[in-house]
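Q: Predicted coordinates and the sequence they were generated for:
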Amino acid sequence: MYDGGKIIIGLIIGIGLFLSPFFYNAGKAAKAPEPELTAMAKEAKVCVAQKSYMRESHFTMLDEWRNTSVRDGERYYTAWDGKKYYKSLQVTCMDCHSNKTKFCDQCHNYVDVDPYCWDCHIVPEEKK
Amino acid sequence: MGVDRREFLKIAGYAALFGLGGKAAIDILAPGELEASMQGIPLTQGKRWSMVIDMRKCLKQQEAGKDGCKECMIACHREHNVPDWGNPKHAIKWIWQDKYEHVFPEHPNQFIDEGVRHKPFILLCNHCLNPPCVRVCPTQATFKRESDGIVAMDMHRCIGCRFCMAACPYGSRSFNWGDPRKAPKELNPDYPTNRAYPERSMGVVEKCNFCVELVAKGELPACVQACDKIKVHALNFGDLDAPESNVRKLLREHYTIRRKPALGTEPNLFYII
Ligand code: SF4
Ligand code: SF4
Ligand code: SF4
């Protein structure tokens, strides 16, 4: 084998470079952010569905809300506890969760999703 | 509730295995719950919403003021966050005005009545009984509500192909050439004007929605409210399906015309001239 040593050294450097981001980030995995609740949300205690469901599948519900309210004209949602809610991201959800940066954006950034809700729906004004 | 897509597909799959239809799958997955979410709260019960526009009253009001009357247009555009682009080519029209001759081109007359000649008529979507815009939409973003005949838009679905604009014979539809949020600030100082209603994004088509969001609350459309507020009452919104409704009464008592009736779109807007 010609220049075996050089090739092996080159390979080691190459693999090292390739893996460097893993070594660089080793041991400091970014912690999943906790969504922050506003005073109003805390006081309400319950959301339109159980917390676990909302955490995992709020987008499924929003999707269903938008289809049933826009297309079928069913504008009210009856929750598990019998309470009725007006199906609206902008008016109902964001009324309680008026802290979009701390409630929505943190996690969306963490999992690197970019929902296009806000292209049209108006974001509540947040105090800096 | 409490079912994700995967679970739904699983249940639907089993249902299909056992030879049940899609409806049965829904029954298995959420007994009672689906019904609850389907009930809604019926606030208004119109079957065929329509509008009768009394142009005599409207023109009288327009001539009374120095710059005419713009109340209905201002009210609609405020309610629905419609910005002013300052450029007629990019104008977003939900409710607008045009000359009699342009509105009713099938009534040509060299020696036309001075009462209507060049007069600005109020225009909005006709919520046609047989809407060509709905027929051509490839995504069903534009659809006719079976319950009350409103020709509605699902902005989430519109891909901006503009087939509907080509199909609508009345110019009732506008394309967003730019992001409404980027409309010139000096023309739209307090935009968005209604924080309870969404905006649109660049590249979708929009039009009058017959104020579905207000009608659902049992309120009259914003333009009608505005016209009533100044006590002109030129815009009359009501149910064409109810023989004793305000609109049916007006149609019985007055001669009315519709735009381009020969096309067979069956507009639900009527003009008293
Ligand atoms: S007026 Fe135009 S946009 Fe409105 S329903 Fe008729 S065809 Fe469709
Ligand atoms: S522009 Fe939008 S609403 Fe019009 S036909 Fe295309 S998808 Fe349908
Ligand atoms: S009915 Fe509503 S959306 Fe249509 S022109 Fe009047 S205010 Fe605008």
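A: Great, that's in hand. What you are looking at is a predicted structure, and each value in this text was computed from that prediction instead of being measured. Ligands and ions are numbered 1, 2, ... in the order given.

Q: Show me how chain A divides into domains.
A: Split into domains by automatic domain parsing, chain A comes to A:1-30, A:39-119.

Q: now the strands for chain A?
A: Ranges of strands in chain A, per DSSP state E, are A:76-78, A:84-86.

Q: Pick the most deeply packed of those strands.
A: Of all those, strand A:76-78 carries the top mean neighbour count, a mean of 20, counting by mean count of other Cβ atoms under 10 Å in any protein chain shown. For every residue, glycine as well, the C-beta is placed using N, CA and C.

Q: so which of the strands of chain A gets nearest ligand 3?
A: strand A:84-86 (19.3 Å; Cβ to the nearest ligand atom).

Q: State the mean pLDDT of that closest one.
A: Averaging pLDDT along strand A:84-86 gives 93.

Q: That strand: how far from the chain's middle?
A: 23 Å (Cα atoms, centre = their mean, to the nearest Å).

Q: Kindly report the same for stretch B:171-183.
A: 16 Å.

Q: Pull the residues that contact it.
A: B:81-85, B:90-93, B:123-126, B:133, B:160, B:162, B:164-165, B:191-192, B:199-208 (Cβ atoms under 8 Å, 6 or more residues apart in numbering or on different chains).

Q: same thing with stretch B:76-95?
A: Defining contact as Cβ under 8 Å, 6+ apart, one finds that stretch B:76-95 is touched by B:72-73, B:122-125, B:171-172, B:174, B:176-178, B:180, B:183-184, B:187-188, B:191-194, B:197-200, B:206-209, B:211, B:214, B:221-223, B:226.

Q: So which of the residues you listed sit within strands?
A: Per DSSP E, the contacts of stretch B:76-95 map to strands at B:I122, B:L123, B:L124, B:S174, B:E206.

Q: Which residue, other than its chain neighbours, is closest to the last one?
A: This means B:E206. The shortest distance from B:E206 to any non-neighbouring residue, by Cβ to Cβ, 6 or more residues apart in numbering or on different chains, is to B:R200 (5.6 Å).

Q: how far away is the one you found from A:F23?
A: To A:F23, B:R200 is 47 Å away according to Cβ to Cβ, to the nearest Å.

Q: now swap in B:I122 and tell me
A: Taken as Cβ to Cβ, the span from B:I122 to A:F23 is 70 Å.

Q: now B:P267
A: 70 Å.

Q: With neighbour numbers in mind, choose between B:R200 and A:F23.
A: B:R200 (23 against 9; other Cβ atoms under 10 Å in any protein chain shown).

Q: Quick check, pLDDT for B:V3.
A: Value listed for B:V3 in the pLDDT field: 52.

Q: now B:E213
A: Residue-level pLDDT assigned to B:E213 equals 93.

Q: Least confident secondary structure element in chain A?
A: helix A:4-25 (a mean of 88; mean pLDDT, DSSP states H and E).

Q: Just the buried positions in that helix, please.
A: Going by neighbour count (16 or more other Cβ atoms under 10 Å in any protein chain shown), nothing in helix A:4-25 comes out as buried.

Q: any idea how far the spatially most central residue of chain B lies from B:D148?
A: Chain B has B:N209 as the residue nearest its centroid, 2.6 Å off, counting by Cα atoms, centre = their mean. Going from B:N209 to B:D148 by Cβ to Cβ gives 12 Å.

Q: Can you tell me the closest non-neighbouring residue to B:G160?
A: Spatial nearest neighbour of B:G160, excluding adjacent residues (Cβ to Cβ, 6+ apart): B:G203 at 4.0 Å.
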